[in-house]
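A.B. asks: I'd like to go over a predicted model; first the sequence, then the structure.
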Protein chains: 2
Amino acid sequence: MTRDTYAQHTSSRFDDELEKVRARILHMGGLVEKQLNQAVGGLVHGEPTLAALIAEEEREVNQLECVIDEDCSRILATRAPAASDLRLIIGILKVATDLERVGDESKKIGRLAVRLTMMDHPSQRFGELRHLAHSVASMLHDTLDALARHDADAALVIVRRDRLIDEEYESIQRQSITFMMEDPRAIRRSLDVMWAVRALERIGDHAKNICEHLIYIVRGTDVRHARSQEAAATPQSPREPNPPV
Amino acid sequence: MTRDTYAQHTSSRFDDELEKVRARILHMGGLVEKQLNQAVGGLVHGEPTLAALIAEEEREVNQLECVIDEDCSRILATRAPAASDLRLIIGILKVATDLERVGDESKKIGRLAVRLTMMDHPSQRFGELRHLAHSVASMLHDTLDALARHDADAALVIVRRDRLIDEEYESIQRQSITFMMEDPRAIRRSLDVMWAVRALERIGDHAKNICEHLIYIVRGTDVRHARSQEAAATPQSPREPNPPV
């Protein structure tokens, strides 16, 4: 969003308030992205102190969510925003919820990365996990970039990437089950891979949600309903991949 | 909320609008509870047509979420509500998001129930799964009851039940891993049990979130921040049970 968008506001303090909450949600996005990248780095390289680090950052993310909610409530109460300003506030409230959950999932991945570091690395499977992790991190990065640029066209394109992530997710889950059945000693490790992959897939869902909120903010259209109808046409909604097996 | 709460409104149409959106969120809650109960019934008794039924209901739930969001946006834009009315609208927006996700998780449980129905039932494990399912269904029921009665005291008590559900969840996950290691032929079945248990645990989280939104609606306090500090004191937040192993 550029300053031009605010040109109609007679109150420059209102402009400042909107800019502040917008800066906060982008800051929260940056923190969450850093958390995810650390967790993914932990999966790839191993990092025993990772879990504590990510847990500390998660507290900061949780507090930011509360602060952003308060900011939005205050703006709604004192400024009674309309049209695009109202959509911005409602959208930011929803984006904050999704970002907080990305933080939750990153924390889980961080813990699993620590446990997986202590086990043998079957390089083949970790290669696929790493690929998925990079796909998801890249999707979140582009989502936050689109949010910063207020770019609904980009958001529409990013939404479609969720389906590819779901396909990668299902492939790794199926493969993990095969490994478990072939070698019961691999069960614990395979389960940790499955939980990490599941958390990554959820982060893809949240990135998709954020893109949909952004489209609502910019265009005022609710694309979730279209997704619901799409699900009606195909029994397997891309938003909810089938659990493995 | 009673009619008295609205006494200060000079516009009876505003009262009607608030009452309508409040009725809609309770209707959405009722639908989602029905979905969960059907899914849980499927886990216990088996029901091959369950998945299609729950998927159909999920579409209705998704549409309700969109309608409620529109209602809330319109009220914010045209009525510029303040104080408790504003909290009610913000709270309902958030409750709708959590209810929609309960619907998602119930759909997953329904699909898993269909698959589990086709396998042998090791009665012992299904007994524990059934117990957890009833705990979660009861928590959701009481949450929706508190929401209908606008009862923040009840919500505060219900929030604490999430910890018990997390304990049951972790116990079943540990047990499932033991079963898998003892008998690799049980891997697929055990994984389905683990996914179902995971979905139930997530529904417990969403019920807890709804209780927290209700406390915010009634009292104006954000108890999520307290939870974040509690997490700082204990490394294992009750909101996020450790993945098994």
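C.D. replies: Thanks, I have it.
A.B. asks: what about chain A, any weak spots by pLDDT?
C.D. replies: A:1-10, A:48, A:120-125, A:225, A:227-245 (pLDDT under 70).
A.B. asks: 90 instead?
C.D. replies: Filtered on pLDDT under 90, chain A yields the residue ranges A:1-12, A:40-58, A:113-130, A:184-186, A:189, A:224-245.
A.B. asks: in it, what residue is nearest chain B?
C.D. replies: A:Ala80 (3.4 Å; C-beta to the nearest C-beta). Any C-beta I mention is one placed from the backbone N, CA and C, and that applies to glycine too.
A.B. asks: over to the nearest residue to that residue once chain neighbours are set aside: give its phi and psi.
C.D. replies: Distances taken as C-beta to C-beta, 6 or more residues apart in numbering or on different chains place B:Ala80 nearest to A:Ala80, at 3.4 Å, with adjacent residues excluded. Dihedral angles of B:Ala80 (phi, psi; degrees, to the nearest 10) stand at phi 40, psi 60.
A.B. asks: one more: A:Asp222?
C.D. replies: The phi/psi pair for A:Asp222 (degrees, to the nearest 10) is phi -100, psi 100.
A.B. asks: ditto for A:Ala186
C.D. replies: According to degrees, to the nearest 10, A:Ala186 has phi -90, psi 0.
A.B. asks: from B:Met181, how far out is it?
C.D. replies: Counting by C-beta to C-beta, to the nearest Å, the gap from A:Ala186 to B:Met181 is 10 Å.
A.B. asks: out of those two, which sits in the busier spot?
C.D. replies: A:Ala186 (19 against 16; other C-beta atoms under 10 Å in any protein chain shown).
A.B. asks: is it true that that one touches A:Gln175?
C.D. replies: No. Between A:Ala186 and A:Gln175 there is no contact under C-beta atoms under 8 Å: 11.3 Å.
A.B. asks: any idea how far B:His150 is from the residue nearest to A:Ala80?
C.D. replies: B:Ala80 is 22 Å from B:His150, by C-beta to C-beta.
A.B. asks: got it, and A:Leu156?
C.D. replies: Applying C-beta to C-beta to A:Leu156 and B:His150 gives a distance of 40 Å.
A.B. asks: likewise A:Arg115?
C.D. replies: Taking C-beta to C-beta, one finds A:Arg115 at 44 Å from B:His150.
A.B. asks: the helices in chain A, which residues?
C.D. replies: With DSSP state H as the criterion, chain A has helices at A:12-45, A:50-79, A:83-117, A:123-149, A:152-182, A:187-219, A:224-233.
A.B. asks: circling back to that earlier point, could you give the number of residues near the residue of chain A closest to chain B?
C.D. replies: A:Ala80 has 17 nearby residues by other C-beta under 10 Å.
A.B. asks: repeat that for A:Glu167.
C.D. replies: Around A:Glu167 there are 13 residues (other C-beta under 10 Å).
A.B. asks: please apply the same query to the one 10 residues further on.
C.D. replies: Each residue near A:Ile177 was counted by other C-beta under 10 Å, and the total is 17.
A.B. asks: wait, it sits on B:Ile187?
C.D. replies: Yes. The criterion here is C-beta under 8 Å, and A:Ile177 meets it with B:Ile187 at 6.7 Å.
A.B. asks: for A:Thr143, give its distance to A:Asp205.
C.D. replies: 11 Å.
A.B. asks: the two: which has the busier surroundings?
C.D. replies: Ranked by neighbour count (other C-beta under 10 Å), A:Thr143 and A:Asp205 place A:Thr143 first, with 30 against 22.
A.B. asks: OK, contacts around that one?
C.D. replies: A:155, A:158, A:207, A:210-211, A:214 (C-beta atoms under 8 Å, 6 or more residues apart in numbering or on different chains).
A.B. asks: returning to what we had before: list just the one of the helices of chain A that sits closest to B:Lys94.
C.D. replies: Of all those, it is helix A:83-117 that lies closest to B:Lys94, at 7.1 Å by C-beta to C-beta.
A.B. asks: which helices and strands does that closest one pack with?
C.D. replies: Identification of packing neighbours for helix A:83-117 by 3 or more C-beta pairs under 8 Å, 6 or more residues apart in numbering or on different chains; DSSP states H and E yields helix A:12-45, helix A:50-79, helix A:187-219, helix B:50-79, helix B:83-117.
A.B. asks: which helices and strands does the fourth one pack with?
C.D. replies: If you count contacts as 3+ C-beta pairs under 8 Å, 6+ apart, helix B:50-79 packs onto helix A:83-117, helix A:224-233, helix B:12-45, helix B:83-117.
A.B. asks: mind running it again at 6 Å?
C.D. replies: Where contact means 3 or more C-beta pairs under 6 Å, 6 or more residues apart in numbering or on different chains; DSSP states H and E, helix B:50-79 is packed against helix A:224-233, helix B:12-45, helix B:83-117.
A.B. asks: flag every buried residue along that helix.
C.D. replies: B:50-51, B:54-55, B:57-62, B:64-69, B:71-73, B:75-77, B:79 (16 or more other C-beta atoms under 10 Å in any protein chain shown).
A.B. asks: what's the burial count for A:Gln38?
C.D. replies: 18.
A.B. asks: what's stretch A:118-137 in contact with?
C.D. replies: By C-beta atoms under 6 Å, 6 or more residues apart in numbering or on different chains, the list of residues contacting stretch A:118-137 from outside reads A:36-37, A:40, A:43-44, A:165, A:168, A:172, A:189, A:193, A:200, A:203-204.
A.B. asks: chain center to that stretch, what's the gap?
C.D. replies: 19 Å (C-alpha atoms, centre = their mean, to the nearest Å).
A.B. asks: can you check stretch A:172-185 too?
C.D. replies: 28 Å.
A.B. asks: hmm, it touching chain B?
C.D. replies: Yes. With C-beta under 6 Å from any C-beta of the partner chain as the criterion, chain B is reached by stretch A:172-185 at A:180-181, A:184.
A.B. asks: related to what we said a few turns ago, same list (the helices and strands packed on helix B:50-79) but as a markdown table, adding distance to B:Leu132.
C.D. replies: Formatted as a markdown table, the helices and strands packed on helix B:50-79 follow (distance: least, C-beta to C-beta, whole Å):
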| stretch | distance to B:Leu132 |
| --- | --- |
| helix A:224-233 | 27 |
| helix B:12-45 | 10 |
| helix B:83-117 | 11 |
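A.B. asks: can you say which of these is nearest to B:Asp222?
C.D. replies: Nearest to B:Asp222, of all the helices and strands packed on helix B:50-79, is helix B:83-117, at 10.5 Å by C-beta to C-beta.
A.B. asks: flag every buried residue along that closest one.
C.D. replies: Quick answer for helix B:83-117 (16+ other C-beta under 10 Å): B:84-116.
A.B. asks: sorry, back to before: tell me the spacing between the residue of chain A closest to chain B and A:Glu212.
C.D. replies: 25 Å.
A.B. asks: so how far is stretch A:165-185 off the chain centroid?
C.D. replies: With C-alpha atoms, centre = their mean, you get 23 Å for stretch A:165-185.
A.B. asks: correction: the previous question concerned stretch A:24-39.
C.D. replies: Relative to its parent chain, stretch A:24-39 has a centroid offset of 9 Å by C-alpha atoms, centre = their mean.
A.B. asks: buried residues in that stretch, which are they?
C.D. replies: A:24-25, A:28-29, A:31-33, A:35-39.
A.B. asks: kindly report the same for stretch A:182-196.
C.D. replies: Residues of stretch A:182-196 classed as buried by neighbour count (16+ other C-beta under 10 Å): A:186-196.
A.B. asks: which residues sit against it?
C.D. replies: With C-beta under 6 Å, 6+ apart as the test, stretch A:182-196 has contacts from A:109, A:112, A:115-116, A:119, A:129, A:173, A:176, A:179-180, B:180-181, B:184, B:243, B:245.
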